[in-house]
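Colleague: here you go, sequence then predicted model.
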Protein chains: 2
Amino acid sequence: MTPLTNSAINETNNTQRTVFFISDGTAITAEILGHAVLSQFPLTFVSYTLPFVTTEQRAEEIKQKIDSIYQSTHTRPLVFYSIISPSVRKIITQSTGFCQDIVQTLVAPIQKEVGLEPEPILNRTHGLSRQNLNQYDARIAAIEYTLAHDDGVSLRNLDQAQVILIGVSRCGKTPTSLYLAMQFGIQAANYPFTADDMDNLQLPVDLKPHIHKLFGLTISPERLAAIREERRENSRYASLRQCRIEIAEVEALFRKNKINYLNTTNYSVEEISAKVIDIMGLQRRMF
Amino acid sequence: MTPLTNSAINETNNTQRTVFFISDGTAITAEILGHAVLSQFPLTFVSYTLPFVTTEQRAEEIKQKIDSIYQSTHTRPLVFYSIISPSVRKIITQSTGFCQDIVQTLVAPIQKEVGLEPEPILNRTHGLSRQNLNQYDARIAAIEYTLAHDDGVSLRNLDQAQVILIGVSRCGKTPTSLYLAMQFGIQAANYPFTADDMDNLQLPVDLKPHIHKLFGLTISPERLAAIREERRENSRYASLRQCRIEIAEVEALFRKNKINYLNTTNYSVEEISAKVIDIMGLQRRMF
């Protein structure tokens, strides 16, 4: 069980708040939404994420922690929570924290609009049920496919890929492929161009039949050199000159073959993945 | 750009609603929260996810789509949105959809509580900034570490692992390791016990120094057999008998060595990962 201690607590000051993400499930939704909300305020946060809070006893422990932080800092901790059990929920809301129900806040207006009573179910967001088991298996299959087709390891079964990411070494192909598979159940292969390919760069024969599924990733030579330097210090591979040559060659290939591409320099894997889906018109499944 | 067409629209009936997830960023937060809310209602949904809505022109296209669905179904589409630009947002909220601002609904009460004006920034949740670049690089490094230490591929550098998942083939080690790395930046290695290990199963010598970092995954023999059957039909490997033997051996090993373990049969990778973090007391970073 996550221990309820944190040395940073004693350093609380005016621009720092303590925040709790509490859930009877994984607390992933509470964290994501809580961060989206809190990122709008010029504050720093000491945060506790407390998943699987399903018993009154556990809720009491957490309430005591919230109350003790209030007593020592004279500032109410912010609490983002999602708990189905009324008795467990009540213990949290009776704490001295400033408590916000992240899901229920939106359920009430939707209830009014659709004219139906909500039927709250535990672990509704990130749980497994008989209904979604097939979909879940498809997602696991996508992760396997993506691993088997990472870094050009296998060029077989590319007809089963929904997208094939191409680009130079270390431009973000692998994390993006895995995120596409993990978050969206997309079978994403990827293929790296190596330094040896760079003279008179052409599209590999194995990729030609799948040109409509190709998506190029590119990156600034400076960022690429910094990333490669981490891997192989002072190598030709990591030199800015080499990075410039490779990027220029690859971008020319993308343009010549009319392959959609994206400069990933300032984007996270979430953003790159969402853009790939959007530009390629892929189905965006949710898990 | 995601096309605004969907053949299922014409089949709309009383228990089916159209829902839009609209964002100026990846729309991942809108999707996750929207699904958490909608899963409480006994309805089926036809959904459109529309990320990167940053221009008035794109907003107008979407507004027209929402309005046309309302006109043909006489039912207001549900719209979960998060858009910073007032002019773009206004176009969406002037549609005939039932519009809910997923983040702002919670920002107002927090604003009052902390006594500070919000400073909304584009792509605040899943974007890259100079502030979080180091953290982002650490996350990418975790993904790399996890890939390099998947399936016992390398037993070197296990001292750098934060957790080492162990279990029989196909019990969920790889997807869980990758989720831990991707979502939480945790360096997760994993090691498979094979059928050859099963006679007098002992903890491999390479894992012994890291026993405090080991976490066992187990699964019901029936589910394991079904998963293995997908991979190798009618094999001894996939037989219920073999699955029973392996699971019994491995669970005995976990108990004998006092290794924490979890039965994954009814859990998603999100749930398994959150439980591993909770039980092992790992730091849960957010990205």
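Modeller: Yep, that arrived.

Colleague: how about low-confidence regions in chain A?
Modeller: Counting by pLDDT under 70, chain A shows low-confidence ranges at A:1-14, A:122-125, A:129-131, A:287.

Colleague: go with 50
Modeller: By pLDDT under 50, the low-scoring segments of chain A are A:5-12.

Colleague: where do the strands sit along it?
Modeller: Counting by DSSP state E, chain A has these strands, from start to end: A:16-23, A:44-50, A:78-82, A:98-101, A:163-168, A:188-193, A:214-218, A:261-263.

Colleague: in TSV, list those strands along with mean neighbour count.
Modeller: For the C-beta atoms, the positions are set from N, CA and C on the backbone; glycine is no exception. TSV is the format used below for the strands of chain A (neighbours: other Cβ atoms under 10 Å in any protein chain shown):
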stretch	mean neighbour count
strand A:16-23	24
strand A:44-50	20
strand A:78-82	26
strand A:98-101	20
strand A:163-168	26
strand A:188-193	24
strand A:214-218	23
strand A:261-263	19
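
Colleague: distance to chain B added to the ones you listed, as a markdown table?
Modeller: A markdown table is the format used below for the strands of chain A (distance: least, Cβ to the nearest Cβ, whole Å):
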| stretch | distance to chain B |
| --- | --- |
| strand A:16-23 | 7 |
| strand A:44-50 | 5 |
| strand A:78-82 | 7 |
| strand A:98-101 | 5 |
| strand A:163-168 | 14 |
| strand A:188-193 | 12 |
| strand A:214-218 | 14 |
| strand A:261-263 | 12 |
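
Colleague: dump the ones you listed to JSON lines, plus distance to A:Asn200.
Modeller: Rendered in JSON lines, the data for these read as follows (distance: least, Cβ to Cβ, whole Å):
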{"stretch": "strand A:16-23", "distance to A:Asn200": "54"}
{"stretch": "strand A:44-50", "distance to A:Asn200": "52"}
{"stretch": "strand A:78-82", "distance to A:Asn200": "56"}
{"stretch": "strand A:98-101", "distance to A:Asn200": "60"}
{"stretch": "strand A:163-168", "distance to A:Asn200": "16"}
{"stretch": "strand A:188-193", "distance to A:Asn200": "12"}
{"stretch": "strand A:214-218", "distance to A:Asn200": "18"}
{"stretch": "strand A:261-263", "distance to A:Asn200": "20"}
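
Colleague: out of those, which gets nearest to A:Ala142?
Modeller: Each of the strands of chain A was checked against A:Ala142 via Cβ to Cβ, and the shortest separation belongs to strand A:188-193, namely 7.7 Å.

Colleague: other SSEs contacting the closest one?
Modeller: In this structure, strand A:188-193 packs against helix A:133-148, strand A:163-168, helix A:173-184, helix A:240-256, with contacts taken as 3 or more Cβ pairs under 8 Å, 6 or more residues apart in numbering or on different chains; DSSP states H and E.

Colleague: any idea how far A:Ile186 lies from A:Ile164?
Modeller: Distance, A:Ile186 to A:Ile164, by Cβ to Cβ, to the nearest Å: 11 Å.

Colleague: whoops, A:Thr176 was the one
Modeller: Computed with Cβ to Cβ, the distance linking A:Thr176 and A:Ile164 is 12 Å.

Colleague: picking up where we left off before, which residues do A:Ile186 and A:Ile164 both contact?
Modeller: With contacts defined as Cβ atoms under 8 Å, 6 or more residues apart in numbering or on different chains, no residue is shared by A:Ile186 and A:Ile164.

Colleague: look up how far B:Leu38 lies from A:Leu33.
Modeller: 15 Å.

Colleague: tell me which of these two has more neighbours.
Modeller: A:Leu33 (28 against 22; other Cβ atoms under 10 Å in any protein chain shown).

Colleague: I'd guessed that one sits against A:Ile102; true?
Modeller: Yes. Using Cβ atoms under 8 Å as the test, A:Leu33 is close enough to A:Ile102 to be in contact (5.1 Å).

Colleague: quickly list what's touching both of those two.
Modeller: Looking at what touches both A:Leu33 and A:Ile102 (by Cβ under 8 Å, 6+ apart), the common residues are A:80, B:33, B:106.

Colleague: make JSON lines from those residues and add distance to B:Asn157 to it.
Modeller: Supplementary listing: the shared contacts of A:Leu33 and A:Ile102 in JSON lines, determined by distance: Cβ to Cβ, whole Å:
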{"residue": "A:Phe80", "distance to B:Asn157": "37"}
{"residue": "B:Leu33", "distance to B:Asn157": "38"}
{"residue": "B:Leu106", "distance to B:Asn157": "42"}
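
Colleague: tell me the one of those residues nearest A:Thr96?
Modeller: The nearest one, if we look at these relative to A:Thr96 and count by Cβ to Cβ, is A:Phe80, at 15.5 Å.

Colleague: list the contacts for the closest residue to the closest one other than its chain neighbours?
Modeller: If you skip the residues right next to it in sequence, A:Phe80 has A:Gly34 as its closest partner in space, 4.0 Å away by Cβ to Cβ, 6 or more residues apart in numbering or on different chains. Taking Cβ under 8 Å, 6+ apart as the definition of contact, the neighbours of A:Gly34 are A:19, A:21, A:80, A:102.

Colleague: would you mind measuring from A:Thr73 to A:Leu180?
Modeller: As for A:Thr73, its distance to A:Leu180 is 43 Å (criterion: Cβ to Cβ).

Colleague: neighbour count: these two, which is higher?
Modeller: Regarding A:Thr73 and A:Leu180, a neighbour count based on other Cβ under 10 Å identifies A:Leu180 as having more, with 28 against 18.

Colleague: figure out which of the helices and strands packed on strand A:188-193 is closest to A:Thr194.
Modeller: Counting by Cβ to Cβ, and looking across all of these, nearest comes strand A:163-168 at 8.1 Å.

Colleague: residues in contact with that closest one?
Modeller: When contacts are taken as Cβ under 8 Å, 6+ apart, the neighbours of strand A:163-168 outside the stretch itself are A:158, A:173, A:176-177, A:180, A:186-193, A:207, A:210, A:213-219, A:224, A:243, A:246-247, A:250, A:259, A:261, A:276, A:280, A:282.

Colleague: helix A:240-256 and that one, what's the angle between them?
Modeller: Using axes from the mean of the first three to the mean of the last three Cα atoms, to 10 degrees, one finds that strand A:163-168 and helix A:240-256 are set 140 degrees apart in direction.

Colleague: can you check what angle separates strand A:163-168 from strand A:188-193?
Modeller: Between the direction of strand A:163-168 and that of strand A:188-193, the angle (the same axes, to 10 degrees) works out to 20 degrees.

Colleague: distance between strand A:163-168 and the chain's centre?
Modeller: With Cα atoms, centre = their mean, to the nearest Å as the basis, the distance from the averaged C-alpha position of strand A:163-168 to the chain average is 20 Å.

Colleague: would you mind writing the CA trace of stretch A:198-209 as CSV?
Modeller: As requested, C-alpha coordinates have been extracted for stretch A:198-209 and formatted as CSV (Å, rounded to 0.1, in the frame of the first residue of the first chain):
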residue,chain,number,x,y,z
MET,A,198,21.9,7.5,-47.0
ASP,A,199,23.7,7.4,-50.3
ASN,A,200,21.0,7.9,-52.9
LEU,A,201,18.3,7.1,-50.4
GLN,A,202,15.4,5.2,-51.8
LEU,A,203,12.3,3.7,-50.5
PRO,A,204,13.0,0.0,-49.5
VAL,A,205,11.4,-2.5,-51.8
ASP,A,206,9.6,-4.2,-49.0
LEU,A,207,7.8,-0.9,-48.1
LYS,A,208,6.7,0.0,-51.6
PRO,A,209,3.5,-2.1,-51.7
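
Colleague: give the buried residues for stretch A:86-106.
Modeller: In terms of neighbour count (16 or more other Cβ atoms under 10 Å in any protein chain shown), stretch A:86-106 has its buried residues at A:88-89, A:91-92, A:95-106.
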